[in-house]
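**Q** Pasting the sequence and the predicted model now:
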Amino acid sequence: MKNKIIYLVVIALTSLNCYSQTKVKESRGNKDYDKYAYVDAIKTYERLYEKGYKSPEMLLKLGNAYYFNAELEKASKWYGELYATNPEQEPEFYYRYSQSLRATKDYTKADEMMNKFNAKSGNDARAQLFDKNRDYLAEIKKNSGRYKLENAGINSKYSDYGPSFVEKKVVFSSARDTGNFSKRIHTWTGEYFTNLYSADMAEDGSLGEVTKFGKKINSKFHEATPIFTKDGKTVYFTRNNYLDKRGYDAGKVTLLKIFKANLDEEGKWINVTPLPFNSDSYQTAHPTLSPDEKTMYFASDMPGSFGKSDIYKVKINDDGTFGTPENLGKTINTEGRETYPFVNEKNELYFASDAHPGLGGLDIFAAQIPEDGIFKKIVNIGEEANSPKDDFAYIINANKRGFLSSNRDGGEGNDDIYKFIETRELFIEQAIFGVVTDVTSKEVLPNTKITLLDEKFNKIAETTTDDKGFYEFLKLEPNTKYYLRTERPEYDTKETAAITGKEEGKTEVNIELEKTVKPVQPGDDLAQAFGIKLIYFDLDKSNIRPDAAVELAKILDVMEQYPTMKIDVRSHTDCRQTAKYNAALSDRRAKSTMAWLVSKGIAKNRLTGKGYGESQLVNDCGCEPTNESSCSEEQHQANRRSEFIITEL
């Protein structure tokens, strides 16, 4: 439908063109009618190509114009011409060319272009291998120094680990009363038989006297890693397969399961029940809840796991029932062990892994939980939190105080609990913002659609500009490449690459759009319709170079489409050299430009021209009387310009 609409607009404008030309002929003496010409750059470029004029910029614009209007077969033609001219292009070119080639069923070349895209954007197999084995220690070092860590003060000579917050207490697992069970019976969790204990927590994170927790929850077997709802009335926890009697799998092994209990009005835990996705043939353990308590995350080696244990999530329905567990995918899970998940108030997932690059044993990693559920990347949270030994069971509250478990050197037992305060955020956020305007009039363009794409051109988000032309995308990754695809009726679709900053903050990307068909009238500069800033000449020369001929051919084409159009050719210089020299040089160039147009069939009486030298600077970069200037090359370039002013239609 979009293509048809644009097509109808072009037809309507073309009809109007014919009407305007007829009107001009009929009313030459009448000054009261509107005089407009309509410049369709794409049609002009196609006509120039047929005449033998072409440039890389022109071919790219043709290809993009058809690509963004979903005419992929035509896009493939122009992209192919550009590729034949110069195979070295920006990464996004190869992606678009590949997509266009698929429309022509040239799958072999499409795959070739996609391989080039992957290589250019750092995603080919070699780049992935390098990325996987690069200096991960430098990455860990970058995330280090963020924690002030010390012994929690509640540890015994046995195993103490797996803390959880509930109201103003910390509940944790300990083998202090069952220390005779010195053998780790679950290799994928590495735990002793434990019971639950609690301690009051002060504002500074210090813990008080330790007492046993939840008489009805603790059994003669293993209880560990509880997670409580915010109201403190429901707990989910890990236990061996034991309710009224001990359960076994087919090999007579008692596995781990997740159980649930409720707090009654007398403060007793009741209704201890196993969760429905438990099984006698695989393990489930270490539950945690999302901030809205509608999703549970847990560890399991259920069928479909990639390694010894994976992190899963499961929906908790409004009626208390559960959905079907889902594996978090290969970004999180590996062939090794991923376990002990925790989700903080910012919806960040922390977990332990012995397979992602770390310092040794289990390390603690983190990832932001995306809205689409597809994890993009994980990070090692750094030293102090991680050590050469096992580090796991990380939790943190809104006050940046938290606890983790470790069997690092210097502890009191096999596993110990350490308290910490986080001094610096792990995940910093960036934003991209800006204003969309018309490239010629500079007017803001409200209600313009902008789509945010990742570096692989996957859609991330979409927005529209407000009444001031403003847009913004929040919660983006720092130091990351994105694309902004900007679409508006009657304007060319534009795709802009943007790289976010390395630090917390915002990146400004203002976008200018060109009209698909540009109305021009007497007094307008025809060069602006094509973005012509300068007709290039060799140093101190006035003859037309081949690259200048391509630009002049655009002016020629419009004058051929509008036989009554008259043009005043104006050539300008910057202030360097003397004013007299610049005036003479620019005048020769203006006359050379006119002579070229006449040689191509334009009547002399349709052209006037003059060189203005440095007399009409567009900024304050004058050189008189010293013939010197402190302006930048970019500022001088603004003054070196060619103008093609319409004097009559």
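**A** Structure's in. What do you need? Numbers count the residues shown, from 1 in each chain.
**Q** First-to-last residue distance for stretch 501-519?
**A** Across stretch 501-519, the straight-line distance between its terminal residues is 39 Å, by C-alpha to C-alpha, to the nearest Å.
**Q** actually stretch 442-459, not the one I typed
**A** Across its full length, stretch 442-459 reaches 28 Å between end residues, using C-alpha to C-alpha.
**Q** That stretch: how far from the chain's middle?
**A** 12 Å (C-alpha atoms, centre = their mean, to the nearest Å).
**Q** Show me the contact partners of that stretch.
**A** If you take C-beta atoms under 8 Å, 6 or more residues apart in numbering as the criterion, stretch 442-459 is touched by 91-92, 95, 121, 123, 432, 435-438, 460-469, 471, 473, 480-488, 491, 511, 513. Yep, even glycine has a C-beta here, placed from its N, CA and C like the rest.
**Q** List the buried residues for it?
**A** Neighbour counts using 16 or more other C-beta atoms under 10 Å place 444-445, 448-453, 455, 457 of stretch 442-459 among the buried residues.
**Q** Most widely separated two among these?
**A** Put simply, by C-beta to C-beta the two of the buried residues of stretch 442-459 set farthest apart are 444 and 455, 28.6 Å from each other.
**Q** Next up, phi/psi of the residue nearest to residue 107 when sequence neighbours are not counted, please.
**A** Spatial nearest neighbour of residue 107, chain neighbours left out: residue 101 (7.6 Å); criterion: C-beta to C-beta, 6 or more residues apart in numbering. Note on residue 101: backbone dihedrals following degrees, to the nearest 10 are phi -60, psi -30.
**Q** Quick one: residues contacting residue 101.
**A** For residue 101, the contacting residues are 76, 107, 109-110, 113, by C-beta under 8 Å, 6+ apart.
**Q** Show me where the stretch 301-450 of the chain has its strands.
**A** Along the stretch 301-450 of the chain, the segments classed as strands by DSSP state E, counting those that start in this stretch run 310-315, 326-327, 338-343, 348-353, 363-368, 379-380, 391-396, 401-406, 416-422, 430-438, 449-453.
**Q** With distance to residue 643 added, can I get those in TSV?
**A** TSV is the format used below for the strands of the stretch 301-450 of the chain (distance: least, C-beta to C-beta, whole Å):
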stretch	distance to residue 643
strand 310-315	63
strand 326-327	63
strand 338-343	62
strand 348-353	56
strand 363-368	52
strand 379-380	54
strand 391-396	63
strand 401-406	66
strand 416-422	60
strand 430-438	20
strand 449-453	33
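**Q** nearest to residue 154, of those strands?
**A** Distance to residue 154, taken as C-beta to C-beta, is lowest for strand 416-422 among the strands of the stretch 301-450 of the chain, at 6.3 Å.
**Q** That closest one - what's its average pLDDT?
**A** This predicted structure assigns strand 416-422 an average pLDDT of 95.
**Q** Quickly run through the sheet partners of that strand, with directions.
**A** Each strand pairing with strand 416-422, determined using DSSP bridges, is listed with its direction: strand 147-151 (antiparallel), strand 401-406 (antiparallel).
**Q** Could you dump those strands into a markdown table with mean pLDDT and distance to residue 568 added?
**A** Formatted as a markdown table, the strands paired with strand 416-422 follow (pLDDT from 0 to 100; distance: least, C-beta to C-beta, whole Å):
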| stretch | mean pLDDT | distance to residue 568 |
| --- | --- | --- |
| strand 147-151 | 93 | 71 |
| strand 401-406 | 94 | 73 |
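**Q** re the thing from before, from the contacts of stretch 442-459, keep the buried residues only.
**A** In terms of neighbour count (16+ other C-beta under 10 Å), the buried residues within the contacts of stretch 442-459 are 91-92, 95, 121, 432, 435-438, 460, 465, 469, 471, 473, 480-488, 491, 511, 513.
**Q** Please narrow the residues you listed to those residing in strands.
**A** Judged by DSSP state E, the subset of the buried ones among the contacts of stretch 442-459 located in strands is 432, 435-438, 460, 471, 473, 481-487, 511, 513.
**Q** Include mean neighbour count and distance to residue 257 when you put the strands paired with strand 416-422 into JSON lines, please.
**A** What follows is the strands paired with strand 416-422, written out as JSON lines (neighbours: other C-beta atoms under 10 Å; distance: least, C-beta to C-beta, whole Å):
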{"stretch": "strand 147-151", "mean neighbour count": "15", "distance to residue 257": "32"}
{"stretch": "strand 401-406", "mean neighbour count": "26", "distance to residue 257": "21"}
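**Q** Any chance of the ones you listed in JSON lines with distance to residue 380 as columns?
**A** Compiled in JSON lines, the strands paired with strand 416-422 are given as follows (distance: least, C-beta to C-beta, whole Å):
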{"stretch": "strand 147-151", "distance to residue 380": "13"}
{"stretch": "strand 401-406", "distance to residue 380": "13"}
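**Q** Does residue 163 lie in a helix or a strand, and which?
**A** strand 160-166 (DSSP states H and E).
**Q** Now do that strand: which elements does it pack against?
**A** Taking 3 or more C-beta pairs under 8 Å, 6 or more residues apart in numbering; DSSP states H and E as contact, the helices and strands that strand 160-166 lies on are strand 169-174, strand 223-228, strand 391-396, strand 401-406, strand 416-422.
**Q** Adjacent strands (with direction) for the third one?
**A** This points to strand 391-396. Short version: by DSSP bridges, strand 391-396 pairs with strand 401-406 (antiparallel).
**Q** Can you list the neighbours in contact with the partner strand?
**A** Contacts made with strand 401-406 from outside it, assessed by C-beta under 8 Å, 6+ apart, are listed as 149, 152, 160-163, 170, 172, 204-205, 364, 385, 387, 389-396, 415-422.
**Q** Weed out the non-buried ones from the residues you listed.
**A** Neighbour-count burial (16+ other C-beta under 10 Å) applied to those gives 149, 152, 160-163, 170, 172, 205, 364, 385, 387, 389-396, 415-422.
**Q** For residue 127, report the pLDDT, please.
**A** If you check residue 127, the pLDDT there is 47.
**Q** do residue 5 as well
**A** Looking at residue 5, the pLDDT reads 32.
**Q** Who are the contact partners of the closest residue to residue 55 other than its chain neighbours?
**A** Nearest residue to residue 55, sequence neighbours excluded (C-beta to C-beta, 6+ apart): residue 550, at 4.8 Å. For residue 550, the residues meeting the contact criterion (C-beta under 8 Å, 6+ apart) are 48, 53-55, 58.
**Q** So residue 550: helix, strand or coil?
**A** Here residue 550 takes the helix state, with states given by DSSP: H, G, I helix; E, B strand; the rest coil.
**Q** What separation do you get for it and residue 408?
**A** Taking C-beta to C-beta, to the nearest Å as the measure, residue 550 falls 68 Å from residue 408.
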